[in-house]
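>>> My questions are about this predicted structure, shown below with the sequence.
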Amino acid sequence: MLMLKSHFEVDEQGHLIIGGCDSVELAERFGTPLYVVDEQRVRENYRRFYRAFARRWRDVMVCYAYKANSNLAICKILQSEGAGAEVSSLCELNIARRVGVPGERTVFNGNNKSSAELELAIAEDVLVNVDSLQELHTVDRIASRLGRRARIGFRVNPDISAPTHPYIATGLRESKFGLDVASGQALEAYRMASGMETVEVVGIHCHIGSQILDPAPFEEEAERLMALVAQLKAELDVDIRFLDMGGGLGIPYKPGDVELHPEQLASRVVPIIEREVDEHGLVPPTLAFEPGRYIVGDAGVLLARVGYCKERQGMPGWVAVDAGMNALIRPALYGAYHHIEVANKMTAEPEQVVNVAGPLCESGDFLGKERRLPRVEPGDLLAIFDVGAYGLAMSNQHTAQPRPAMVLVNSGRAEVVRLRETCEDLTRLDRIPGWLT
Ligand SMILES: Cc1ncc(COP(=O)(O)O)c(C=O)c1O
């Protein structure tokens with residue numbers, strides 16, 4: 001079934017057009033497997049998200065989640081749109097610095113931040129979302145040594161079940177993230193921090209999970225966070241000035257998935273915050289979000305070349321392409337669905353049901369199962385959709401496969417923003433010890 005989002009086109013030859021570029025030409029010019037990201041779409045997604053909330057709340061900060069795709073060019077595009085950065089490693093923080101996102105617009109998350117990470121974050125005035133009491137003590141020590149006051153929030157765990165894959169549901173009580181709200185652990189952390197001179201308590205943070213298309217868990221999140229914010233004011237006289245609701249807004253991947261529009265999300269969540277602020281006489285906080293997938297997910301396509309096709313009696317045949325779980329691990333890891341089309345036969349009728357496999361030595365190495373496609377032949381080009389988030393970012397070099405290149409396209413222009421790895425790159429960091437030579 002053809003399921004093309006509005007930013008794609010098909011030309012008269014039946015070729016898929018991305019950002020004004022013919023995908024068949026891109027594959028010939030840059031080789032395959034190839035990630036292609038549509039710059040305009042990234043910008044539009046960001047603006048749609050930001051505006052939905054900014055229309056309803058005076059002070060909104062959208063911190064793009066670098067883990068979704070931390071390519072320098074992508075991060076630069078978002079910096080130029082005014083996005084802040086959500087980072088969770090030293091290198092992501094470095095990338096934010098390099099593309100010009102200031103510390104005041106960066107938030108640092110993670111359940112096991114190293115001292116080196118905390119040191120850099122505190123030195124750069126990044127807001128650190130502290131995940132445990134032990135981490136609070138580390139922050140205290142480091143800030144004291146640096147002679148600085150660390151800006152902090154706490155990642156809290158409100159025990160919310162989000163309808164998504166268990167690996168990316170992060171708000172449940174048993175999850176490894178955050179300080180437990182129900183037992184009073186979170187309140188205790190705020191009490192402790194509010195007595196420390198080395199920290200300035202400014203925020204509260206939560207991220208209930210990823211790929212969520214239902215507004216209800218976000219409403220629940222807003223309710224529970226605001227209840228805690230009101231309690232912090234009443235019991236500790238702490239003003240929460242930065243309310244960070246994390247990321248998690250999903251995108252439709254499969255035919256039949258119903259989009260949750262940011263407008264819809266904002267119209268459900270903002271009134272809850274407004275009501276609680278008014279009711280308890282709270283300081284209206286900066287409303288922060290950390291979307292990753294929503295911003296870049298549908299802007300990216302993976303182009304893969306068909307090598308061989310194998311018939312199977314009484315069951316779907318196999319189409320083997322040059323991108324596998326090394327290039328895109330989501331189907332193998334989460335059973336994730338990515339829509340697939342034949343990029344050079346977009347107008348041809350589907351006439352077979354096939355499985356699409358990569359070149360690796362595992363049966364888990366597939367990109368799609370039981371897909372209705374036009375007749376596929378060796379040399380055809382497959383387009384795997386919605387791979388802009390957690391695609392290249394989670395790619396790997398299994399079976400010494402160099403990671404794919406990525407090109408950015410915009411209005412018919414295309415430029416490489418990530419070089420294809422080479423065999424030399426794969427062994428560049430390896431060493432043979434002296435006793436083996
Ligand atoms: C703390 C945090 N913020 C933001 C995100 C981004 O989530 P998404 O890409 O679903 O918007 C994640 C993803 O895992 C996360 O862990």
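Thanks, I have the structure now. Predicted model only: the values in this text are computed from it and were never measured.
>>> Tell me which stretches of the stretch 151-300 of the chain form helices.
Taking DSSP state H, counting those that start in this stretch as the criterion, the stretch 151-300 of the chain contains helices spanning 185-194, 215-231, 262-280, 293-296.
>>> From the chain's centroid, how far away is the second one?
So the one you mean is helix 215-231. 22 Å (C-alpha atoms, centre = their mean, to the nearest Å).
>>> what does the first one give?
If you compare the mean C-alpha spot of helix 185-194 with that of the full chain, they lie 29 Å apart, counting by C-alpha atoms, centre = their mean.
>>> For that helix, enumerate the helices and strands it packs against.
helix 133-146, strand 150-157, strand 179-180, strand 199-205, helix 215-231 (3 or more C-beta pairs under 8 Å, 6 or more residues apart in numbering; DSSP states H and E). C-betas here are computed from N, CA, C, even on glycine.
>>> To residue 134, which of the helices of the stretch 151-300 of the chain lies closest?
helix 185-194 (10.6 Å; C-beta to C-beta).
>>> List every C-alpha atom in that closest one, with coordinates, as PDB.
Output of helix 185-194 as PDB, limited to C-alpha atoms (Å, rounded to 0.1, in the frame of the first residue of the first chain):
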ATOM      1  CA  GLN A 185      11.800   9.900  47.400                       C
ATOM      2  CA  ALA A 186      11.400  12.700  45.000                       C
ATOM      3  CA  LEU A 187      10.200  15.100  47.600                       C
ATOM      4  CA  GLU A 188      13.000  14.100  49.900                       C
ATOM      5  CA  ALA A 189      15.500  14.900  47.100                       C
ATOM      6  CA  TYR A 190      14.100  18.400  46.700                       C
ATOM      7  CA  ARG A 191      14.200  18.900  50.500                       C
ATOM      8  CA  MET A 192      17.900  17.900  50.500                       C
ATOM      9  CA  ALA A 193      18.800  20.000  47.500                       C
ATOM     10  CA  SER A 194      17.000  23.100  48.800                       C
END
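>>> Mind checking the pLDDT average for it?
Here helix 185-194 scores 96 as its mean pLDDT.
>>> what comes into contact with that helix?
Surrounding helix 185-194, the residues in contact under the criterion C-beta atoms under 8 Å, 6 or more residues apart in numbering are 130, 133, 136, 152, 154, 156-157, 178-181, 199, 201, 228, 231-232, 235-236, 238.
>>> Now, of the residues you listed, which are buried?
Among these, those buried by neighbour count (16 or more other C-beta atoms under 10 Å) are 130, 136, 152, 154, 156-157, 178-181, 199, 201, 228, 231-232, 238.
>>> For residue 208, which non-adjacent residue is closest in space?
residue 171 (3.3 Å; C-beta to C-beta, 6 or more residues apart in numbering).
>>> roughly how far apart are that neighbour and the ligand?
10 Å (C-beta to the nearest ligand atom, to the nearest Å).
>>> Test my guess that that residue contacts residue 217.
Yes. If you go by C-beta atoms under 8 Å, residue 171 and residue 217 touch, sitting 7.5 Å apart.
>>> So those two - more neighbours on which side?
Higher neighbour count among residue 171 and residue 217: residue 171, with 25 against 20, using other C-beta atoms under 10 Å.
>>> Next, the buried residues of stretch 349-365.
354, 355, 356, 357, 358, 359, 360, 365.
>>> just stretch 77-87 next, same as before
In stretch 77-87, counting by 16+ other C-beta under 10 Å, buried: 77, 78, 79, 81, 83, 84, 85, 86, 87.
>>> From those, which land in helices?
77, 78, 79, 81 (DSSP state H).
>>> Identify, from the residues you listed, the entry nearest to the ligand.
residue 78 (12.9 Å; C-beta to the nearest ligand atom).
>>> got the contact list for the closest residue to the closest one other than its chain neighbours?
Spatially, and ignoring its direct neighbours in sequence, residue 78 is nearest to residue 64 (4.5 Å; C-beta to C-beta, 6+ apart). Contacts here follow C-beta under 8 Å, 6+ apart; on that basis residue 64 touches 46, 75, 78, 83, 84, 85, 86, 290, 291, 292, 295.
>>> Redo those as a markdown table? Include pLDDT and distance to the ligand.
Below are the contacts of residue 64 laid out as a markdown table (pLDDT from 0 to 100; distance: C-beta to the nearest ligand atom, whole Å):
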| residue | pLDDT | distance to the ligand |
| --- | --- | --- |
| 46 | 98 | 12 |
| 75 | 98 | 14 |
| 78 | 98 | 13 |
| 83 | 98 | 13 |
| 84 | 98 | 12 |
| 85 | 98 | 11 |
| 86 | 98 | 5 |
| 290 | 98 | 4 |
| 291 | 98 | 4 |
| 292 | 98 | 3 |
| 295 | 98 | 8 |
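>>> would you turn those into JSON lines with distance to residue 371?
Listed next are these as JSON lines, based on distance: C-beta to C-beta, whole Å:
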{"residue": "46", "distance to residue 371": "31"}
{"residue": "75", "distance to residue 371": "33"}
{"residue": "78", "distance to residue 371": "32"}
{"residue": "83", "distance to residue 371": "35"}
{"residue": "84", "distance to residue 371": "38"}
{"residue": "85", "distance to residue 371": "36"}
{"residue": "86", "distance to residue 371": "34"}
{"residue": "290", "distance to residue 371": "33"}
{"residue": "291", "distance to residue 371": "29"}
{"residue": "292", "distance to residue 371": "26"}
{"residue": "295", "distance to residue 371": "27"}
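>>> wouldn't residue 288 be in contact with residue 59 here?
No. When contacts are counted by C-beta under 8 Å, residue 288 is not listed as touching residue 59 (9.3 Å).
>>> okay, these two: which has more neighbours?
residue 288 (25 against 14).
>>> what sits up against stretch 345-360?
With C-beta under 8 Å, 6+ apart as the criterion, stretch 345-360 contacts 1-2, 10, 14-16, 307, 309, 316-327, 340, 342, 365-376, 380, 382, 398-399, 401.
>>> could I have stretch 347-361 exported to CSV, CA atoms only?
C-alpha atoms of stretch 347-361 as CSV (Å, rounded to 0.1, in the frame of the first residue of the first chain):
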residue,chain,number,x,y,z
THR,A,347,3.6,4.0,-9.7
ALA,A,348,3.8,0.2,-10.3
GLU,A,349,1.0,-1.9,-8.8
PRO,A,350,1.8,-4.3,-5.9
GLU,A,351,1.9,-7.8,-7.1
GLN,A,352,3.8,-9.9,-4.6
VAL,A,353,4.3,-10.3,-0.8
VAL,A,354,7.9,-10.4,0.3
ASN,A,355,10.2,-10.2,3.3
VAL,A,356,13.0,-7.7,3.1
ALA,A,357,16.3,-8.8,4.5
GLY,A,358,19.8,-7.3,5.0
PRO,A,359,23.1,-8.9,4.2
LEU,A,360,24.0,-10.0,7.8
CYS,A,361,24.4,-13.5,9.2
